[in-house]
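>>> no sequence for this one, just the structure:
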């Protein structure tokens, strides 16, 4: 089935897109025997400038972390300079599990715009955070919570594990009155992912 | 069990009025289950089959994870009410375990498992109503379900059975032909490269008959492939805005 496919055409897995001499196989494609074929259902994009053939998916696809994608995760461990976060979900595909649970990390310099004296005033183990991917290629994946909308969206009291309530810039425990600080997102505990 | 009909082919036509090389009525629907990552529903004659795909997702127990590739897990299951004569005993059987295995092996060559190391892709095939040829219809459904779930694939997999009844090579056996015919051979094919990924055989063919049968199966698979494509196009090319 060697026939011309143009940008904007609808293709299914296994459909021929272009010869391997003409294009580089991009996302959603594969190369085999000198040809480039689609590996998913979607719309063809043959980029004449970058010489890249790719297929923009029409179905829901397994979550892929890219630079700038927003994730939800749980703080696992806190070091001197880094916080370890287990990535649980990706914005845009909340209904689909990531293929393998990935570990992310936030460096002190990426926590907020201002100077951070002690990272323990920003996060605690068990906090649910919303973060942005800075570099998906590194392991652990580099994350950042710089920005209004990013940071802790749910935290529990480190004394009694009751979910903390927001009081201005601080967090107060409704059970024992303990006061804590975090890098909180602007919609802390509003139930939004 | 009903009695064996005297003749399975009368005046060149089969018991259900089909030509030897004709498929039963086929209906394929993609994306029928809301909570599955990918799903499909297939009706082939009296067969009613639902396939659901989940993943790639984390593989538990973890000692079974493969560090370099994903694992494909298939489960073929017949509902207790799927057969007409008597209630089938629910749960896995020797037969369904074998079919699960051959289904996995039929689907494995098309999936880019190496893109998801340590993960698992689960495929569930539920036979709601059986009428001979459920394993092939199951593979057909599973392949549409995987494409619907956006799992990277080299190709779809189309599958159909061929056999011999009253000395004639026929396509897509029905229940009587399956039970009283001389041979039955399910085939699964990767349509683009015409590679065969499943071939089993029950009964016997002469070498010449075998060649004919394979050729007929390839024709049948191509028809099934067309229907698979149509189902996926119907579901996904609609909201394209002018094509």
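Received the coordinates, thanks. Because the structure is predicted, anything quoted here is derived from the model rather than measured.

>>> Could you work out the end-to-end span of stretch B:150-164 for me?
38 Å (CA to CA, to the nearest Å).

>>> avg pLDDT for it?
Averaged across stretch B:150-164, pLDDT comes to 96.

>>> Could you confirm whether any residue of it contacts chain A?
Yes - Stretch B:150-164 is in contact with chain A by CB under 8 Å from any CB of the partner chain, via B:150, B:151, B:152, B:153, B:154, B:155, B:156. Bear in mind the C-beta positions are built from the backbone N, C-alpha and C, glycine included.

>>> give me the number of residues near the nearest residue to the fifth one once chain neighbours are set aside?
Yep, that's residue B:154 we're talking about. Distances taken as CB to CB, 6 or more residues apart in numbering or on different chains place residue B:110 nearest to residue B:154, at 4.7 Å, with adjacent residues excluded. Residue B:110 has 24 neighbours, counted by other CB atoms under 10 Å in any protein chain shown.

>>> can you check residue A:34 too?
8.

>>> ditto for residue A:138
10.

>>> Please, which helix or strand holds it?
If you go by DSSP states H and E, residue A:138 is not part of any helix or strand.

>>> quick one: buried residues of the longest helix along chain B?
If you go by DSSP state H, chain B has its longest helix at helix B:207-236. Within helix B:207-236, the residues scored as buried using 16 or more other CB atoms under 10 Å in any protein chain shown are B:209-210, B:212-214, B:216-218, B:220-221, B:223-225, B:227-229, B:231-233, B:235-236.

>>> centre of the chain versus stretch A:95-113, how much separation?
In terms of CA atoms, centre = their mean, to the nearest Å, the gap separating the centre of stretch A:95-113 from the centre of its chain is 7 Å.

>>> any residue of the longest helix of chain B up close to chain A?
Yes - for helix B:207-236, a contact with chain A is found by CB under 8 Å from any CB, at B:229, B:232, B:233, B:236.

>>> Relative to chain A, which of the residues you listed is nearest.
Checking these against chain A with CB to the nearest CB, the nearest one is residue B:236 at 4.4 Å.

>>> Mind pulling the model confidence for the closest one?
91.

>>> Not counting sequence-adjacent ones, nearest residue to it?
Using CB to CB, 6+ apart and skipping residues adjacent in sequence, the residue nearest residue B:236 is residue A:58, 4.4 Å away.

>>> Each with direction, which strands does the helix or strand of chain B with the lowest mean pLDDT pair with?
Using mean pLDDT, DSSP states H and E, the weakest-scoring helix or strand in chain B turns out to be strand B:9-10, at a mean of 88. With DSSP bridges as the test, strand B:9-10 is paired with strand B:13-14 (antiparallel).

>>> Check the offset of the partner strand from the chain's centre.
Counting by CA atoms, centre = their mean, strand B:13-14 comes out at 24 Å from the chain centroid.

>>> residues in contact with residue 24?
In the absence of a named chain, this looks at chain A. A:50, A:51, A:52, A:53 (CB atoms under 8 Å, 6 or more residues apart in numbering or on different chains).

>>> right idea, wrong chain: chain B
If you count contacts by CB under 8 Å, 6+ apart, then residue B:24 has B:16, B:18, B:44, B:45, B:46, B:172, B:174 around it.

>>> ok, of the residues you listed, which come out buried?
Buried by 16+ other CB under 10 Å: B:18, B:44, B:45, B:46, B:172, B:174, out of the contacts of residue B:24.

>>> Kindly give the local confidence score, pLDDT, for the fourth one.
With respect to pLDDT, residue B:46 has a value of 93.

>>> Quickly note the distance from residue A:133 to residue B:55.
As defined by CB to CB, to the nearest Å, residue A:133 lies at a distance of 22 Å from residue B:55.

>>> okay, those two: which has more neighbours?
Using other CB under 10 Å, the more surrounded residue of residue A:133 and residue B:55 is residue B:55, with 25 against 20.

>>> since we're on residue B:98, how many residues are nearby?
Counted with other CB under 10 Å, residue B:98 comes out at 13.

>>> Show me what stretch B:120-128 is in contact with.
With CB under 8 Å, 6+ apart, stretch B:120-128 has contacts from B:47-59, B:65, B:70-79, B:81-82, B:103-104, B:107, B:111, B:113, B:134, B:138, B:141-142, B:145-146, B:151.

>>> Would you map the strands across chain B?
With DSSP state E, the ranges of strands along chain B come out as B:9-10, B:13-14, B:26-30, B:38-44, B:47-58, B:71-78, B:119-129, B:158-165, B:168-171, B:183-190, B:195-199, B:202-203.

>>> ok so, going back, ok, which pair from the contacts of residue B:24 is furthest apart?
B:18 and B:46 (13.3 Å; CB to CB).

>>> Bridge partners for residue B:198, pull those for me.
Beta-bridge partners, per DSSP bridges, of residue B:198: residue B:188.

>>> what bridges to residue A:56?
Under the criterion used (DSSP bridges), residue A:56 bridges to residue A:43.

>>> Pull the contacting residues for it.
Neighbours of residue A:56 in contact, by CB under 8 Å, 6+ apart: A:28, A:42, A:43, A:44, A:45.

>>> Around chain A, pick out the residues from chain B.
B:31, B:35, B:37-38, B:55-58, B:70, B:110, B:112, B:116-119, B:147-156, B:190-192, B:229, B:232-233, B:236-237, B:240, B:243.
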